[in-house]
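Trainee: Predicted model and sequence follow; I will ask about them next.
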There are 2 protein chains.
Amino acid sequence: MNFEQLYADRAQCMKTSAVREFFKLTEQPDVMSFAGGFPSADFFPMEKVTEVLRDLIAEEGKFALQYGPTEGNLELRQYLAEKMTREGSPCTAEHIIITNGSQQGMDLISKVFVNPGDVVIVEEPGYVGGLGAIYNYEADRISIPVDDDGIRVDLLAARLRKLHSEGRTPKFIYLVPNFQNPTGCTMNLARRIKMLALAREYNFLIVEDNPYGEIRFEGQAVQSMRSMDTDGRVIYLGSFSKTFSPGIRVGWMLAEPELIQKVACAKGSTDLCSNSLGQRMAYRFAASGYIELHVSSLISRYKARRDLMLSCMEKNFPADVTWTHPKGGFFIWVTLPDGMTARQLLLKSIERKVAFVDGAGFFVNGKGENTARFSFSEAAPDKIIEGIAILGEIMQAEMVAYKKEKTA
Amino acid sequence: MNFEQLYADRAQCMKTSAVREFFKLTEQPDVMSFAGGFPSADFFPMEKVTEVLRDLIAEEGKFALQYGPTEGNLELRQYLAEKMTREGSPCTAEHIIITNGSQQGMDLISKVFVNPGDVVIVEEPGYVGGLGAIYNYEADRISIPVDDDGIRVDLLAARLRKLHSEGRTPKFIYLVPNFQNPTGCTMNLARRIKMLALAREYNFLIVEDNPYGEIRFEGQAVQSMRSMDTDGRVIYLGSFSKTFSPGIRVGWMLAEPELIQKVACAKGSTDLCSNSLGQRMAYRFAASGYIELHVSSLISRYKARRDLMLSCMEKNFPADVTWTHPKGGFFIWVTLPDGMTARQLLLKSIERKVAFVDGAGFFVNGKGENTARFSFSEAAPDKIIEGIAILGEIMQAEMVAYKKEKTA
């Protein structure tokens, strides 16, 4: 059977990402891995989960095992509407749909909005899963560079003008404004305000994906774009994956009710509904108020890992290597001198049982060969100390070879 | 914000199904409903679930709450490969991917194979969720009638010849061969063999969706098309939704490893992975052997409901009304005399707190106005007796009016 001849055109856009492939290498238990962007399983609230599940099955087991509404469990949607309202985005349950993690939110938004060839703006570098969801619907992804203050809205404005002169407008822009995956950087308030103005001027939507925002180690939260949105063009994605558990696959989308209804139609045909058990677990975990205690404990534990990784980098990495200093989230973004390739570094470090993700996969334009993503979320402190020291050694040796070559 | 102007073309194909809309009406607790195709929550194995969850969280809680592989939990895939091998379709874990119910299987198959305008053959009447998944990718759905022995392969052969003469071939055919939703009918062996021959002749794929096959009340199981497939063109979909719990959203797809890999790429961008907790619950429930005991208990309990509903129909429905006699599954298909409309009957019966689904939504060509689906899976015996009696009364009255009009 030759399947190739039967595939849809969009199947050409379904490729295993380099990140995913490398996970398989890095999953061996003896590897010190800074590759995965997973939350630490050591921080899962196991005792609370045991309690929540016991009560849940006893009190509403029949509902937890049955199909639920496509839009999601009503109590959970009401809880999330209240939470989002408290956080500055007034809304009701009708503004909320539950998704299988925010990844499904990105898939459904793309499914509803993207025709083949449509322009979608993405971050450079950007979150691999978001880039993939958009690409699967054959979008023309145009990337705009990110710096320490988030996406470069000045460069975006110029690009939008150019596109406009060619008769093209993006359908939407996809942003992870807080502690971005992969750079760890946060978009500042001025850029968020400018982004909203550009979206209104050129009539595109903003997808504001915020899985890491609650894991803030220092400083004040920056207002969400959704909270400043005056005409309903911001679609906000939230998730329990980093604040509770990714294995239950519970995220949410906040948008205008009219759009939520369209997305619900799309979701109905996609998987009927999200898993009822996970939704009810998330509701009990969150609505009891326990999630706030848990998140504050997560913040101090992830902060300790970030601090440790940053100080180890400071101590071990060569002077020509630079990296970001995220104020929250899971990731540090490392830049090697131009001409050095992170993939080569990775191949050497894997030999010594240390792993990270080389950065090229986060770019849609072939750039980023000299960049890498380091996650501090999953590695235990002793592994961070040992792993970063080994990487420092390898980098120093590479740097000597690199400089020799450059001066030769 | 005007979203309409930004929607993709395919969003025109995302409509709330009549079935889904009517569910809202029929969900009121005082309604005697034969509308939903849900398994009975009264039959969920609550004690076993409590035990499984307790052990699972204690022994592998950290994995159950963490992201898992996109292809699904390996132990569950191995279990399913052994199960499918025992049932006549030799395979390994590489032939299996876990999906969010078999609905997601249909979405992913459509995503991978369907270009706008591609022909996909469906059953007439056919499963609403399958029809919707295919339609969302803008397929040209061509329906072939179903009778008591399944889809009419003779009519299909004629249609394929005609299509071929127009230079068109279907990408795939979507079939629910056992106790079909909505008719309850089962495709006989001769037609399955002929179907495979047609698929080879015209080079299309067969999607064999089998959520109800294990709920067989009488007679011998008919061989699956996948078990007779010699060149890997049958994609088989299975589910725990009817044999265990739909709320955990765990189904599976069995196909050639090359295709499973492509589907895994699509699923990765769609939702990263299915929920880990549900997969591990399904594995423990099934691999312990408990599922076999449970299914045999389900069979006797659902059979009692089918027997009761059939005898109530026999007793109460007018002579001109006919219905199917399913040997398994959840559904009985009722046909009213030509010219009578099931929607009108439904509106009257809802007033008297009895609900079913009128059949038009299961057709892609506007037919079926005089048909209706009755589910016996969820209603308690006293509700079946009372509800069908009320419907009989309404039908008798309608029939008098109908005959008067006809002779007038």
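Mentor: Ah, there it is.
Trainee: Going by C-alpha atoms from here, please, whenever you check contacts or count neighbours.
Mentor: Fine.
Trainee: Can you identify the element that follows whichever strand or helix holds residue A:350 toward the C-terminus?
Mentor: Element membership of residue A:350 [criterion: DSSP states H and E] is helix A:342-351. Next along the chain after helix A:342-351, taking DSSP H and E as the criterion, comes strand A:354-355.
Trainee: Am I right that residue A:173 is in a strand?
Mentor: Yes. Remark: residue A:173 belongs to a strand, assigned using DSSP: H, G, I helix; E, B strand; the rest coil.
Trainee: List the contacts of the closest residue to it other than its chain neighbours.
Mentor: Of all residues not flanking residue A:173 in the chain, residue A:121 sits nearest, at 4.5 Å (CA to CA, 6 or more residues apart in numbering or on different chains). Shown in contact with residue A:121 (CA atoms under 8 Å, 6 or more residues apart in numbering or on different chains): A:141-144, A:170, A:172-174.
Trainee: Export the residues you listed to TSV and append columns for pLDDT and neighbour count.
Mentor: TSV is the format used below for those (pLDDT from 0 to 100; neighbours: other CA atoms under 10 Å in any protein chain shown):
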residue	pLDDT	neighbour count
A:141	98	20
A:142	98	17
A:143	98	21
A:144	98	19
A:170	98	23
A:172	98	25
A:173	98	21
A:174	98	22
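Trainee: JSON lines for those, including distance to residue B:401?
Mentor: Shown next, in JSON lines, are these (distance: CA to CA, whole Å):
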{"residue": "A:141", "distance to residue B:401": "62"}
{"residue": "A:142", "distance to residue B:401": "65"}
{"residue": "A:143", "distance to residue B:401": "67"}
{"residue": "A:144", "distance to residue B:401": "69"}
{"residue": "A:170", "distance to residue B:401": "58"}
{"residue": "A:172", "distance to residue B:401": "56"}
{"residue": "A:173", "distance to residue B:401": "59"}
{"residue": "A:174", "distance to residue B:401": "59"}
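Trainee: Quick check: residue A:381 touching residue A:308?
Mentor: Yes. With contact defined as CA atoms under 8 Å, residue A:381 counts as touching residue A:308 (7.3 Å).
Trainee: Which residue ranges make up each domain of chain A?
Mentor: A:7-44+A:292-399, A:46-290 (automatic domain parsing).
Trainee: out of the ones you listed, which comes closest to residue B:127?
Mentor: domain A:46-290 (11.4 Å; CA to CA).
Trainee: Which stretches in the stretch 51-200 of chain A count as strands?
Mentor: A:96-99, A:119-124, A:140-147, A:150-151, A:172-175 (DSSP state E, counting those that start in this stretch).
Trainee: Could you do the stretch 251-400 of chain A as well?
Mentor: A:251-254, A:322-323, A:331-335, A:354-355, A:357-358, A:371-375.
Trainee: With mean pLDDT, distance to chain B and mean neighbour count as added columns, please give those in TSV.
Mentor: Output for those, formatted as TSV (pLDDT from 0 to 100; distance: least, CA to the nearest CA, whole Å; neighbours: other CA atoms under 10 Å in any protein chain shown):
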stretch	mean pLDDT	distance to chain B	mean neighbour count
strand A:251-254	98	10	26
strand A:322-323	98	27	18
strand A:331-335	98	18	24
strand A:354-355	95	19	26
strand A:357-358	94	18	28
strand A:371-375	98	16	27
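Trainee: who's in contact with residue A:96?
Mentor: Residue A:96 neighbours (CA under 8 Å, 6+ apart): A:71, A:77, A:80-81, A:252-255, A:257, A:260.
Trainee: Mark which of the residues you listed are buried, thanks.
Mentor: For the contacts of residue A:96, a burial check counting by 16 or more other CA atoms under 10 Å in any protein chain shown picks out A:71, A:77, A:80-81, A:252-255, A:257, A:260.
Trainee: Which ones among those map onto helices?
Mentor: A:77, A:80-81, A:257, A:260 (DSSP state H).
Trainee: quick one: contacts for residue A:252?
Mentor: With contacts defined as CA under 8 Å, 6+ apart, the neighbours of residue A:252 are A:96-99, A:101-102, A:105, A:237-239.
Trainee: swap that for residue A:374, sorry
Mentor: Counting by CA under 8 Å, 6+ apart, residue A:374 has contacts A:34-35, A:331-334, A:356-357.
Trainee: repeat for residue A:398
Mentor: Contacts of residue A:398 (CA under 8 Å, 6+ apart): residue A:345.
Trainee: if you set the cut-off to 10 Å instead, what comes out?
Mentor: By CA atoms under 10 Å, 6 or more residues apart in numbering or on different chains, the contact list for residue A:398 reads A:318, A:340-341, A:344-345, A:348, A:392, A:404.
Trainee: Hmm, residue B:115 and residue A:115 touching each other?
Mentor: No. Using CA atoms under 10 Å, residue A:115 and residue B:115 do not qualify as a contacting pair, with a distance of 11.8 Å.
Trainee: between those two, what contacts are shared?
Mentor: Common neighbours of residue A:115 and residue B:115 (CA under 10 Å, 6+ apart) do not exist.
Trainee: What distance do you get for residue A:64 to residue A:250?
Mentor: Residue A:64 sits at a distance of 14 Å from residue A:250 (criterion: CA to CA, to the nearest Å).
Trainee: swap that for residue A:203, sorry
Mentor: To residue A:250, residue A:203 is 30 Å away according to CA to CA.
Trainee: of these two, who's got more company?
Mentor: Neighbours were counted for residue A:203 and for residue A:250 using other CA atoms under 10 Å in any protein chain shown; residue A:250 has more, 29 against 18.
Trainee: Tell me the confidence at residue A:210?
Mentor: pLDDT, residue A:210: 98.
Trainee: That one is in contact with residue A:243, isn't it?
Mentor: No. If you go by CA under 10 Å, residue A:210 and residue A:243 don't touch, sitting 11.6 Å apart.
Trainee: who's more crowded, these two?
Mentor: Between residue A:210 and residue A:243, counting by other CA under 10 Å, residue A:243 is the more crowded of the two (23 against 19).
Trainee: one step back: which residues does the residue nearest to residue A:173 form beta bridges with?
Mentor: residue A:142, residue A:173 (DSSP bridges).
Trainee: what's the distance between it and chain B?
Mentor: To chain B, residue A:121 is 15 Å away according to CA to the nearest CA, to the nearest Å.
Trainee: just to revisit the earlier point, list buried residues within the contacts of residue A:398.
Mentor: The buried subset of these (16+ other CA under 10 Å) comprises A:318, A:340-341, A:345, A:348, A:392.
Trainee: Would you agree residue A:285 is in contact with residue A:47?
Mentor: No. Contact between residue A:285 and residue A:47 fails when scored by CA under 10 Å: they sit 11.5 Å apart.
Trainee: With neighbour numbers in mind, choose between these two.
Mentor: residue A:285 (21 against 10).
Trainee: Now that one: closest residue in space that isn't a chain neighbour?
Mentor: residue A:291 (6.1 Å).
Trainee: And the pLDDT for that neighbour?
Mentor: Reported pLDDT for residue A:291: 97.
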